[in-house]
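[1] prediction below, plus the sequence it came from.
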Amino acid sequence: MGRPGNIPWLWPDCIAIFAEMTSDLKALIGATAKAAGFDVMRVMRVDAFGIEPGERLAAFLRQGRHGEMDWLATRAEQRAHPTALWKEARSAIVLAKNYGPSSDPLQLLADKGRGVVSAYAQGRDYHDVVKSGLKQVARALADAASADVKVFVDTAPLMEKPLAQAAGLGWQGKHTNLVSQEFGSWLFLGVILTTADLPPDAPEVDHCGTCRKCLDACPTGAFIAPYQLDARRCIAYLTIEHKGHIDEAFRAGIGNRVFGCDDCLAVCPWNKFAQAARDQRLTSKADLASIALAELLALDDATFRAKFAGTPVKRTGRDRVVRNALIAAGNSIDPGLLPGVTALLADASPLVRAMAVWAARQLCDASAFAALAEKFADGETDPHVKREWARGDDA
Ligand code: B12
């Protein structure tokens, strides 16, 4: 860039003053982020965000790997690049909150009589926790710089993981989530876009090396290749996002995971440096880590809402969570759960009835199952539930 001809002596000074102002601003953002409970903060210039993430998103959608998550496809063009979402944006401030569990979440899977809720969903909904922190930081920035700001966590069309990598907060691991040398695989992300020009941090590089632990750990074979997930096979998708019946091919692999899955994250060797979350809001409902299946099977709408109030589980709704608990009950091979299962054969939700039939099939001997079929199958009108009863006949 050339110097303005009439004031050549002023130009380097202006740059120096501007640089000082923006790094002061960055220091202020960093301090506010810390006070707001964030564990990491990095900055990138949005014009440094490449086209590759958008192209990979397009390929993911073309292959239908998003399943029923139509919201990923409907605003894909905006999602591809931060300036497509907000043309005036100049910098992205990427913030992260550590939600590291205090013990290995995989240990919970051994008790087949209990349903396991993944680490991210055991405390207060991270959308609320992260968003309130982002708003605090954004307000401080807007006041100090008279800049426009917008805050994002999850729900807006923005690719948070590649943004975080470009800002230097970590790298997208082979399990596709962001990994940090300091916090392992246990970070929630949030983004502030702003019209302010802030000094950027250096991007992070991939430190996965030849490791493929996360790829091999997936119980349902959701990784098509390193760095590529088919969401339709991912237990997080199946148990949380998928509204319909869960295909029989995935039921055994789901095991006793009733909400989300931590397996690919929990085996990441970089977790050796991770610490337990310090924000108690994300961990205070530790009694939700694993829940007796008998209790989950007995949930009606009111008891479900009371139990999961304020957590991400509540948004998924009682029927889908009971559907998941029935799969876990079927996999438990514990006939003690049969009364809870058979009570659901007449449930108002076909989603629940269908899985109750499947679970009963796993827990009963042939004659007991035939007796249940005689009592419940004839009156069934829903085609999916009828198919589950018929599957029992074939077996
Ligand atoms: C949709 C979604 C899901 C979907 C799809 C997951 C996915 N991998 O895309 C489902 C429901 C399955 C899901 C599950 C989970 N999610 Co989610 N999810 C999202 C969401 C809303 C969008 C992600 C997205 O854009 N997907 C689209 C595809 C195209 O992206 P992708 O898989 O990352 O694709 C990239 C790679 O494949 C890569 N790639 C492709 N080929 C190659 C080749 C090479 C060589 C390389 C290097 C890269 C590469 O490029 C693509 C573009 O970056 C984000 C929030 C957000 N707005 O970003 C949260 C988010 C990713 N989820 C999050 C969490 C916590 C989870 C779970 C851990 C929850 C749980 N315990 O059950 C699991 C993890 C499962 C997993 N291994 O991904 C966090 C992750 C935080 C982090 N540290 O990364 C996020 C960022 C939310 C947040 N604000 O914190 N999620």
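    Received it, and whenever you're ready, just let me know what you need. Numbering: from 1, shown residues only.

[2] show me the chain divided up by domain.
    16-100+121-194, 213-394 (automatic domain parsing).

[3] what about the shortest one, near the ligand?
    Yes: part of domain 16-100+121-194 sits close enough to the ligand to count as contact by CB under 6 Å from any ligand atom, namely 53, 56-57, 60, 69, 72, 153-154, 158-162, 172, 175-178, 187-189. Using the backbone N, CA and C atoms, a C-beta is placed for each residue, glycine as well.

[4] can you list the residues of the stretch 151-300 of the chain near the ligand?
    153-154, 158-162, 172, 175-178, 187-189, 227-229, 231, 234, 236-237, 241, 260-262, 264-265.

[5] residue boundaries of the strands in the protein?
    Ranges of strands in the chain, per DSSP state E, are 40-45, 91-98, 114-117, 149-152, 171-172, 178-179, 187-194, 223-225, 228-229, 257-259, 290-292.

[6] list phi and psi for the closest residue to residue 228 other than its chain neighbours.
    Closest residue in space to residue 228, ignoring its immediate chain neighbours: residue 176 at 7.2 Å, by CB to CB, 6 or more residues apart in numbering. Backbone torsions for residue 176, taken as degrees, to the nearest 10, come to phi 80, psi -10.

[7] could you do residue 175 as well?
    phi -80, psi 0.

[8] can I assume it is in contact with residue 216?
    No: Residue 175 is beyond contact range of residue 216, at 10.7 Å (criterion: CB atoms under 8 Å).

[9] quick one: which of these two has more around it?
    residue 175 (26 against 12; other CB atoms under 10 Å).

[10] once you drop chain neighbours, what's closest to the residue in the chain that the ligand sits nearest to?
    Nearest residue of the chain to the ligand (CB to the nearest ligand atom) works out as residue 260 at 2.8 Å. Counting by CB to CB, 6+ apart, residue 260 lies nearest to residue 118, which is 3.2 Å off, once chain neighbours are set aside.

[11] what's the pLDDT at the one you found?
    pLDDT, residue 118: 96.

[12] what does residue 394 give?
    The model's pLDDT for residue 394 equals 50.

[13] now do residue 17
    64.

[14] my guess is residue 255 contacts residue 328, does it?
    Yes: shown here, residue 255 and residue 328 form a contact pair, counting by CB under 8 Å, at 7.0 Å.

[15] higher neighbour count, these two?
    Remark: of residue 255 and residue 328, residue 328 carries more neighbours, 27 against 20, as counted by other CB under 10 Å.

[16] next up, the contacts around the closest residue to the more buried one other than its chain neighbours.
    Setting aside the residues directly before and after it, residue 328 is nearest to residue 256 in space (CB to CB, 6+ apart), at 4.2 Å. By CB atoms under 8 Å, 6 or more residues apart in numbering, the contact set of residue 256 is 109, 111, 112, 114, 115, 116, 293, 328, 331, 332.

[17] out of those, what pair is the most spread apart?
    109 and 293 (13.1 Å; CB to CB).

[18] which one of these two is surrounded by more residues?
    residue 293 (27 against 19).

[19] contacting residues for the more buried one?
    113, 114, 115, 256, 325, 328, 329, 332, 334, 337, 340 are the contacts of residue 293 under CB under 8 Å, 6+ apart.

[20] and if we set it to 10 Å?
    111-115, 256, 258, 325-326, 328-329, 331-332, 334, 336-337, 340-341, 359 (CB atoms under 10 Å, 6 or more residues apart in numbering).

[21] swap in residue 266?
    101, 104-107, 109, 118-119, 184-186, 213-214, 217.

[22] out of these, which is most surrounded?
    residue 186 (29 neighbours).

[23] residue 25 versus that one, what's the distance?
    Distance, residue 186 to residue 25, by CB to CB, to the nearest Å: 29 Å.

[24] ditto for residue 122
    In terms of CB to CB, residue 122 sits 36 Å off from residue 25.

[25] could you do residue 149 as well?
    From residue 149 to residue 25 the distance is 12 Å (CB to CB).
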